[in-house]
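Student: Sequence and predicted structure, then a few things I'm wondering about:
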Amino acid sequence: MKEDIFEKFIEESGIAVPKDRVDAAYDQLALEITHASHYESMMSGTILMPDDMPFSVEDIRETARKQVKTELVLEEVIRKENFEVTAEELEAEAKAMAERQQTTVEDVKRFFGEDLSLLKKDILLRKAIGFITGI
């Protein structure tokens with residue numbers, strides 16, 4: 001249900017999707033799919049031909065377009081709603097992550113940096129998604 005609300009919000013937004021961003025996302029997706037297919041081929045001992053690829057160029061391009069549009073819409077929601085992340089929210093996220101990973105907060109800080117700034121974007125994105133879906 002919330003996925004439907006989210007997808008509808010994204011698709012109905014009037015935000016422009018720059019072709020150069022879609023092209024870059026397409027290139028990245030195509031590379032990831034190619035690498036995964038080659039790895040699978042090596043592991044299974046079968047040779048995959050281009051026609052055997054599980055996705056068409058059109059499918060990959062549409063996925064890239066949706067990814068870029070989602071990023072742009074979420075960035076716009078964050079900006080318009082003036083979402084921010086407090087030090088307390090970062091600490092709480094580090095604590096929750098440490099519990100999930102069965103490690104310490106100190107280990108999480110070593111990985112993400114003492115100020116946990118690398119977690120900030122994730123928290124902002126969750127706030128924007130929660131805003132859109134009403135959760």
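Tutor: Good, I have the coordinates. Residues are numbered from 1 along each chain as shown.

Student: what is the mean pLDDT for stretch 64-81?
Tutor: Per-residue pLDDT over stretch 64-81 has a mean of 96.

Student: Please disregard the earlier target; I meant stretch 9-28.
Tutor: Averaging pLDDT residue by residue across stretch 9-28 gives 95.

Student: same deal with stretch 115-131?
Tutor: Stretch 115-131 comes out with an average pLDDT of 93.

Student: tell me the pLDDT at the residue of the chain most remote from its centre?
Tutor: Relative to the centre of the chain, the most outlying C-alpha is that of residue 45, 31.9 Å out, by CA atoms, centre = their mean. Model confidence at residue 45, given as pLDDT, is 74.

Student: One more: the one 4 residues further on?
Tutor: Residue 49 carries a pLDDT value of 62.

Student: Can you give the domain ranges for this structure?
Tutor: Recorded structural domains for the chain (assignment: automatic domain parsing) are 12-68, 87-133.

Student: Show me what the one helix or strand residue 94 maps to is packed up against.
Tutor: Counting by DSSP states H and E, the element that carries residue 94 is helix 87-101. The criterion is 3 or more CB pairs under 8 Å, 6 or more residues apart in numbering; DSSP states H and E, and the helices and strands that helix 87-101 contacts are helix 105-112, helix 117-133. In this view, the C-beta of every residue, glycine as well, is placed from N, C-alpha and C.

Student: ok, back up a step: any figure for the gap between the residue farthest from the centre of the chain and residue 37?
Tutor: For residue 45, the distance to residue 37 equals 14 Å [CB to CB, to the nearest Å].

Student: All set now, cheers.
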